[in-house]
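Engineer: generate coordinates for the sequence data below:
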Amino acid sequence: MMNRTHFTLAIGLILFYCSIVNASGPTSIFVTPPAPFFSDAERQAELARRRAAVAGKMDDNSVMVLFSAEPKLYTNDVDYVFRQENNLYYLTNLKQARATLVIQKSGGKVTESIYLPKRDPRTETWNGKMYSNDDASKISGIKTVVDAASESAFLDGLRSKSNPSIQSVYLLMPESEGDSDGMREFRVEKEFSKSLSGYKVVNAQPIFGGLRLIKSPYEIKMLQHAVDISTEAHMRAQANAGRSSMEYEVQAELEYVFRRRNADFWGYPSIVGCGPNATTLHYEESQSAVTKGSLLLIDAAAEYDHYSADVTRTFPVNGKFSKEQADIYQIVYDAQEAAAKLAKPGATMSQMSNAADEVLKDGLFRLGLITDKKSQQFRIWYMHGLGHWIGMNVHDVGGYGITLAPGMTYTNEPGIYVRADALDYLPDTPANKAFIEKIRPAFEKYKNIGVRIEDDMLITPTGVEWMTKNLPRKMSDIEEFMANASKTDGH
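Structural biologist: Numbering: from 1, shown residues only. Predicted structure coming up:
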């Protein structure tokens, strides 16, 4: 017999395929397929595999303690929406605050336990149902669930070294004293580590950085769903941009889709910048007018089940690229293509980045925006890197001095930003004065044009897959989509 979950999934599939049948080429907005479905057994097996991989990296006679994220105050008695610490979620799928995971490895034997707050009817009256022990076991697959009231005694036992066989304690720690983000995120762990003596305290972050860098088929499905939601959102925003007066109206179209498709949230604050605002990398105000002759840059993506996409498109509000806009856009497009052509197992991020850089240098030199292709002049107009890992963080964990391998996911995102004040901040030197004088005509021609194209990429055994392939990227495809969308209601 079909249960409620299977019935809902079946209806979703029917509606999705009907939308494809009724679609008429690029006129129609891409519709997000149904969310991935995994049985309890499949999820538990995936989580058990991850925990076993973590335990395999731990020294013998050691313990790992993973604390949950702390609720964060928004104002007065209102919290931000709770989001579980990534690595704890990676191993348990538990979303509740004050959950603590303990993995102990002694004599080659591994034990796992979760400390969990006991259900409290008064708390549930105000804030909703808490996990029972059975709930936590069913979600995570971990059989031993202990009342969080006993957690203090366990931690005190670690401090007093009540179990002399334990030699190492693994905690998520800041990378260094200068790691300001880590010092905030792992404040509790850092303070707890100071109370431990007689142990080798090991930062667990490198273990997770290595394991999370290679996505399993399970993870790829989750990330692809976040990408698909983002794709639909971008297409809806593009279709409605010409009818919008302000950037925040376009942002509303994006985030409407995130909520409609049941994304957890956005993966990062949405960037919707029109005209000159497109030249600011992290423009988040969305308070300016949407003007017909300008480019609109949208860098926005959904997070689904802790996996975040990262997608950028730049398009003309009126549906047609001007000559100057097209000049810049094509250079960025070609740089992205050059990087993608090298993407395969065994390649490196630096090789792809260098390939994109060369295309950008050639293009900027051809337009007259730089005078020396062998220098770093191009960094005036392109000040960030080619891309970064994506996954449970939009800028995900993992080192960059490595070769690509199947299962790695990253962004390919070159850009050119001709800021109106870019030349004003160059040091006042004879060389810079000569440079500015020479490029001034080109600068005036391309001033206030900002273009970034960002796609999410998956390394496969034979090359690379564009996870964002359903979102128009070529200028001709964008213009065709915009022209067709203008004939519909944009929905």
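
Engineer: low-confidence stretches in the chain?
Structural biologist: By pLDDT under 70, the weakly predicted segments of the chain are 1-27, 489-491.

Engineer: sec struct for the residue nearest the centre of it, please.
Structural biologist: Centrality entry for the chain: nearest residue to the mean C-alpha point is Val394, 2.1 Å, by Cα atoms, centre = their mean. Taking DSSP: H, G, I helix; E, B strand; the rest coil as the rule, one finds Val394 in the coil state.

Engineer: how close does it sit to Leu223?
Structural biologist: Val394 sits 11 Å away from Leu223, going by Cβ to Cβ, to the nearest Å. Using the backbone N, CA and C atoms, a C-beta is placed for each residue, glycine as well.

Engineer: again, but for Ala347
Structural biologist: Using Cβ to Cβ, Ala347 is found at 20 Å from Leu223.

Engineer: what lies in contact with stretch 447-455?
Structural biologist: Stretch 447-455 is touched from outside by 273, 275-280, 295, 297, 299, 310-314, 324-325, 328-329, 332-333, 336, 387, 411-420, 466-468, 471, 473, with contacts defined as Cβ atoms under 8 Å, 6 or more residues apart in numbering.

Engineer: give me the buried subset of those residues.
Structural biologist: Among the contacts of stretch 447-455, those classed as buried by 16 or more other Cβ atoms under 10 Å are 273, 275-279, 295, 297, 299, 310-314, 324-325, 328-329, 332-333, 336, 387, 411-419, 466-468, 471, 473.

Engineer: show only the entries of those residues found in strands.
Structural biologist: 273, 295, 297, 299, 312-314, 411-412, 415-417, 466 (DSSP state E).

Engineer: nearest to Leu158, of those residues?
Structural biologist: When these are ranked by distance to Leu158 (Cβ to Cβ), Thr411 comes first, at 39.8 Å.

Engineer: mind listing what the closest one touches?
Structural biologist: Asp310, Gly387, His388, Ile390, Glu454, Asp455, Asp456, Met457.

Engineer: make it 10 Å
Structural biologist: Counting by Cβ atoms under 10 Å, 6 or more residues apart in numbering, Thr411 touches 301, 309-312, 385-390, 394-396, 454-457, 467-468.

Engineer: follow-up on the earlier one: which of Ala347 and Leu223 has more neighbours?
Structural biologist: The residue with more neighbours, out of Ala347 and Leu223, is Leu223; 27 against 19, by other Cβ atoms under 10 Å.

Engineer: next SSE after the strand or helix carrying the more buried one?
Structural biologist: Here Leu223 sits within helix 217-241, counting by DSSP states H and E. Counting by DSSP H and E, the element after helix 217-241 in chain order, helix or strand, is helix 247-260.

Engineer: wait, doesn't Gly387 sit right on Asp396?
Structural biologist: No. Under the criterion of Cβ atoms under 10 Å, Gly387 makes no contact with Asp396, lying 11.1 Å away.

Engineer: how close does Ile436 get to Thr429?
Structural biologist: 10 Å.

Engineer: where do the contact lists of Val394 and Leu223 overlap?
Structural biologist: With Cβ under 10 Å, 6+ apart as the test, Val394 and Leu223 both reach Glu303, Tyr307, Ser308, Ala309.

Engineer: tell me how many other residues crowd the third one.
Structural biologist: Counted with other Cβ under 10 Å, the neighbours of Ser308 add up to 26.

Engineer: follow-up on the earlier one: just put the shared contacts of Val394 and Leu223 in JSON lines and tack on distance to Phe67 and secondary structure.
Structural biologist: Formatted as JSON lines, those follow (distance: Cβ to Cβ, whole Å; DSSP: H, G, I helix; E, B strand; the rest coil):
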{"residue": "Glu303", "distance to Phe67": "22", "secondary structure": "strand"}
{"residue": "Tyr307", "distance to Phe67": "22", "secondary structure": "strand"}
{"residue": "Ser308", "distance to Phe67": "22", "secondary structure": "strand"}
{"residue": "Ala309", "distance to Phe67": "28", "secondary structure": "coil"}
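
Engineer: just among those, which is most surrounded?
Structural biologist: Ala309 (32 neighbours).

Engineer: surely that residue and Met457 touch.
Structural biologist: No. Using Cβ under 10 Å, Ala309 makes no contact with Met457, being 11.4 Å away.

Engineer: residues shared between the contacts of these two?
Structural biologist: Joint contacts of Ala309 and Met457 (Cβ under 10 Å, 6+ apart) are Ile390, Thr409, Thr411, Met467, Thr468.

Engineer: so the fourth one makes contact with Asp228?
Structural biologist: Pointing back at Met467 there. Yes. The pair Met467 / Asp228 is scored as a contact, 8.7 Å apart, by Cβ under 10 Å.

Engineer: which neighbours do these two have in common?
Structural biologist: Contact criterion Cβ under 10 Å, 6+ apart; residues shared by Met467 and Asp228: Ala309.

Engineer: between Gly387 and Asp396, which contacts overlap?
Structural biologist: Asp310, Tyr410, Thr411.

Engineer: nearest to Ala355, of the residues you listed?
Structural biologist: Closest to Ala355, out of all of the shared contacts of Gly387 and Asp396 and judged by Cβ to Cβ, is Tyr410, at 14.6 Å.

Engineer: wait, what's in contact with the closest one?
Structural biologist: 213, 310, 343, 349, 352, 386-391, 396, 398, 400, 404, 455-459, 464.

Engineer: need phi/psi at the closest residue to Gly398 other than its chain neighbours.
Structural biologist: On the basis of Cβ to Cβ, 6 or more residues apart in numbering, the spatially nearest residue to Gly398 that is not a chain neighbour turns out to be Leu213, at 3.7 Å. With angles defined as degrees, to the nearest 10, Leu213 sits at phi -70, psi -30.

Engineer: tally of neighbours for Ser486?
Structural biologist: Using other Cβ under 10 Å: Ser486 sits among 14 other residues.
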